[in-house]
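Visitor: Please find the sequence and the predicted model below.
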Amino acid sequence: MGPKKGGQAPAAKKGGASNAAVNDHDTEQEERLQAIVLSDSYQTRFRPLTLEKPRCLLSLCNTPLIEYTFEFLALAGVSEVIVVSCVHADQIQEYIANSRWSSPSSPFTIETVLSPESMSVGDAMRDLDAKGLITSDFLLVSGDVVCNVPFDKVLAEHRQRRAKDKNAIMTMVLREASPLHRTRARAESAIFVLDEETNQCVHYEEIKTRKHMKQISLEPEVFNKHSELAIRNDFIDCHIDICSPDVPALFTENFDYNHIRKDFVHGILTSDLLGKTIFAHVVTDHYAARVRSLQAYDAVSKDVISRWTYPITPDSNLLADQTFQYQRGHIYKEDDVVLARSCRINSSTVIGARTVVQDGAVITGSVIGRRCTIGKNAKITGAYIWDDVIIEDNAVIDCAIVGDGVIVGESSHISPGAIISYNVKIGKGIVVGGSQRLTRSTGDEDRNTSTDYDAVGPDGIGFVYEDESEVEEDDDYEEIVNSSGLIYNMASVNLSDTSFASSVEGTTMRKGRRRRISTASNNTAASEDSDEESFLREAQSSVERAMAEDHDIDIAALELGTLRMAKNAPFHEVRAATITALLGRISNLINSNTMKARQAVESVLNRWAKLFKRQVFDQADQVDLLLLIQRDCTRRMQGSAILLHAINNLYDQDILEENSIMKWWYKEPQSQGDADMVKVGELVPRWLEWLTTAEEESEEESDEE
Amino acid sequence: MSSSSAHTFKEKERDLNTHIESFIAQMKRRQIKGPHDVAIATAQLLLRVVSAARWTHIDQLILQIKVVGRRLQSAQPRELTCGNIVRRVLALIREESEDTSDSESGDGANNSLLITSMFSLLQTDFDNGNSSDNSKGAKKDLKPYIIEGIQELIDELRNSSESIAGKSVEMIHENETILTATPNSNTVLKFLLRAAQKRKFTVLIAEVFPNDIEVAHRFSIKLAEAGIEATVITDAMVYSIMGRVGKVILGTCAVLANGGLLATSGTEMICQCAKAHRTPVVVCTGIYKLSPMYPFDTESLVEVGDTGKVLNFEDGSLVEKVDVVNPLFDYVPPELVDIYITNLGGFSPSFMYRLVLDNYRQEDVKL
């Protein structure tokens, strides 16, 4: 940064056009940059929190979300902002009118447009088109974007393309990230097919977590037109788009377009008639994310705290009355925070002004709002506590969102994932479950709003929120259930890529499949699913055949391997098939020959367990194998005995290691998941006891030597 | 001037407030950053404040400037130059007012007024009768002087790196090897370029991962274009190469009253290496970077920057598990610095407190 720019800056501060003027300098464009902020998310994921307040005014690290968006627009050099609001429009209007953005020092002019009927992005765009507010290329963002990408380069590129080709109507800004990145919205991931050279987006496909997508289809001519294509599923797509005025017009023409990606981008790219093109700008440094689910709220909060969004951090004090100061370990404290001598504030914590933390309280990785009181020995971990909350002594809050004015009673416990909306009062010693969402407002008046004393205790106020609107959208239902929670089965996601794909998906899928078989089994259209189905069946019968005809073990393994390749099945499926076959044989032996469980297991496994050597490679796989055995045994007679002897046998054959067994039994939530699983594992603890003592003895022996 | 009505005055005030607000916002957004740019922007803003201000007694002006200064400083407390410039302007105003009051009435009455400044501010209403003509006369005279003073200050800011560069030939010998670790410093760049006109020497540039790598590369290109033999080295090489280095030349973000300084992170390590090898450390700094603050809490002076520079955000599993801190500055204690080359001349670190007393007033240290 040369001295020139600094000299210029104060002189060029007149009005809002200064930044745009600087940015436009390269491209010689005289036009002002407009930005459309969609303040509504057209979703219900944040309910019940959004029943009383729009999502963009929810506080993220003690600052309303929309401030981050405006700050980004200011950084991007936008000179005119149009905020489109529908639900809670009055609140948004009031907030903007009182904010610094409508003061003369604001870098852009701001205008609120009401669009009360719009139910989707498409409706809002059609409304804007009808009102004729858009005159030039504009930036389309939603009111929950957190981003610090410098925009001049993106904009210059877009304008260059536009100058060359009027049909390049849109540039999407995508942030690169690994597929399992915490900030990626897991519900709305998508596959982008981009031209390597020009970054033109040639295909877009939404991934439905439910359907377990295996393939996308591309038109053959795509390969003729583009020499190199990149098929990518590693973007954080935070819906920051630079659009030309054609975009709202296209929305008007195609009145069924609702979603900007699913409908619009997909529609434009698949339509041959329009001939419009869409480009992507891939950002590899800086930060871009959107708070589109509770889980993203958690991730983005953490990112802001650990300064990925610099300079948009709490200690920048975006609001005029904030006084945050940074301390070592990513701790941000405002003035007038009262901390008792014996309380402990651990790293990655934000504490707002006039909050009192009393003796012995421990706060770790949490955000605490203003004027809160944290009682003695309270324990707060990874929680988001907004303003004016009272947490009484000995309460425990773990990874939950606690809204404004909530009172959490003495010694109560709020489990991970719970959401407590505004002004709820939770009585003494209550345990709030992880999936519970407590509220005092239903959204519509005619519903029963009596306090649910089971949930909040005899002296509490509030009831459990159940959203029936989610059920109606049956298309996305399962996705929502999976993704809308604050905590997304983090334990299973963390294991590894394969186990994410297999174990989590596998269980949900199998349930779904069973249901489908029982109702309509002759549906050949569901080719993807039947593919897997057939693999399982074929693999299972292959193993069974091998056992019946007493094949060589290598030949059996080879056959399985070929089958796996042909169907492109994950190892998890292979293991599942093998286990079903082997255990089926074992239980047959037990039932027919009246062989003892132990004998049966030994006779089968001694011969065939070597199959697992080519299916089980690391600890995660071993744990998976154990889970599969356990699950399978729940269906068998004498399941617990089979399980015990199978583990013992596999342990003796060195297919299972002690560590994995320990991990499976003690760490894996699924092993204790339901009553069946627990029942079938009833004999395991004694065996584990034997295992540990045997271990010690052998150690002692070796010591003696 | 006298015809301006209350209406236009109000408008002016609002206009001024707009300027202040957008300055603060730009500071927060780091659209204005770096000591030099911040200093000039602050001075220009204060120039507007002074020209828009109306006062009956000089203390009112001082109070106004202090209030504005406090706002500016709190926008980005770690950008110390902003506060420095506010204090410089305050000192300038005080000096001007003392000069005029000295020349007009040489007796001790007015001097005592100035010492108990807050008291006299409250007092003006009471003895308006006897002192009003005096102060009014002073006001008429003072404004242009103060404005002229601020303009001189801006000129000083603009020219400081030039006058520092003027001393480069005395500092750099023929065929010497120089190490620098602050490629973001324009002062050092000019210093070296000026020396290159007369001398032939080698410059080693530490790349200062992670924040300034690109800057370091650009810096070395500029040096190479001027015919200096420039080599970029990794930060880890500094100790091993120090034996061959004749001088370490550094730029700085801020110099503190005890003679310590704040500079790009990694500088302290380099200074420690230099000390181990008894290599002299020369720091080039404009006097505007000298802050009257003492580093009682060095941690609060260090800004923590963008985590993404240290770790790739793409790496999801690491992002979740690792806490990354990217401090932008290092505090270098005075004993590691041998000499400061300023636009006023060369000074030893232990002399810095004296320069503080020369440039700032004690009563302004706390804004």
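Guide: In hand now; what should we look at?
Visitor: can you list the domain ranges for chain A.
Guide: Following automatic domain parsing, one gets these domains for chain A: A:14-210+A:217-295, A:323-468, A:490-511+A:527-700.
Visitor: pretty sure residue B:252 contacts residue B:268?
Guide: No. Counting by Cβ atoms under 8 Å, residue B:252 sits too far from residue B:268 to count as a contact (11.9 Å). To be clear about C-beta, it is placed using only N, CA and C from the backbone, and glycine gets the same treatment.
Visitor: more crowded one of these two?
Guide: residue B:252 (27 against 20; other Cβ atoms under 10 Å in any protein chain shown).
Visitor: what number of residues lie near residue A:456?
Guide: Residue neighbour count, defined by other Cβ under 10 Å, stands at 25 for residue A:456.
Visitor: the helices in the stretch 201-350 of chain B, which residues?
Guide: Remark: helices assigned in the stretch 201-350 of chain B by DSSP state H, counting those that start in this stretch are B:213-225, B:238-242, B:267-276, B:298-301, B:316-321.
Visitor: that older thread, for chain B, which of the domains of chain A is the nearest?
Guide: Evaluated over the domains of chain A, closeness to chain B peaks at domain A:14-210+A:217-295, with 3.2 Å, by Cβ to the nearest Cβ.
Visitor: on that earlier part again, closest to chain A out of the helices of the stretch 201-350 of chain B?
Guide: helix B:316-321 (3.3 Å).
Visitor: quick one: stretch A:256-270 to chain centroid distance?
Guide: 23 Å (Cα atoms, centre = their mean, to the nearest Å).
Visitor: no, scratch that, I was asking about stretch B:184-198
Guide: Centre-to-centre, stretch B:184-198 and its host chain are 19 Å apart (Cα atoms, centre = their mean).
Visitor: So which bits of that stretch are buried?
Guide: B:184-196 (16 or more other Cβ atoms under 10 Å in any protein chain shown).
Visitor: now, which of those lie close to chain A?
Guide: Near chain A, judged by Cβ under 8 Å from any Cβ of the partner chain, the entries from the buried residues of stretch B:184-198 are residue B:186.
Visitor: quick one: which of the buried residues of stretch B:184-198 sit in strands?
Guide: Using DSSP state E, no member of these falls within strands.
Visitor: Could I get the buried residues of stretch B:184-198 in CSV, plus columns for distance to residue A:677 and pLDDT?
Guide: Output for the buried residues of stretch B:184-198, formatted as CSV (distance: Cβ to Cβ, whole Å; pLDDT from 0 to 100):
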residue, distance to residue A:677, pLDDT
B:184, 60, 89
B:185, 65, 90
B:186, 68, 90
B:187, 70, 92
B:188, 68, 93
B:189, 69, 93
B:190, 73, 93
B:191, 73, 93
B:192, 72, 93
B:193, 74, 93
B:194, 78, 93
B:195, 77, 93
B:196, 77, 92
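Visitor: still on that earlier bit, out of the helices of the stretch 201-350 of chain B, deepest packed?
Guide: Among those, helix B:267-276 has the highest mean neighbour count (mean count of other Cβ atoms under 10 Å in any protein chain shown), at a mean of 21.
Visitor: State the mean pLDDT of that one.
Guide: Across helix B:267-276, pLDDT averages out at 93.
Visitor: For that helix, list the C-alpha coordinates in PDB.
Guide: Extracted in PDB, the C-alpha atoms of helix B:267-276 (Å, rounded to 0.1, in the frame of the first residue of the first chain):
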ATOM      1  CA  THR B 267      11.700  -8.600  14.000                       C
ATOM      2  CA  GLU B 268      12.500  -9.400  17.600                       C
ATOM      3  CA  MET B 269      14.000 -12.700  16.600                       C
ATOM      4  CA  ILE B 270      16.100 -10.900  14.100                       C
ATOM      5  CA  CYS B 271      17.200  -8.300  16.600                       C
ATOM      6  CA  GLN B 272      18.100 -11.100  19.100                       C
ATOM      7  CA  CYS B 273      20.200 -12.800  16.400                       C
ATOM      8  CA  ALA B 274      21.900  -9.500  15.600                       C
ATOM      9  CA  LYS B 275      22.700  -9.000  19.300                       C
ATOM     10  CA  ALA B 276      24.200 -12.500  19.500                       C
END
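Visitor: Now find how far off-centre that helix is within its chain.
Guide: The answer for helix B:267-276 is 23 Å, by Cα atoms, centre = their mean.
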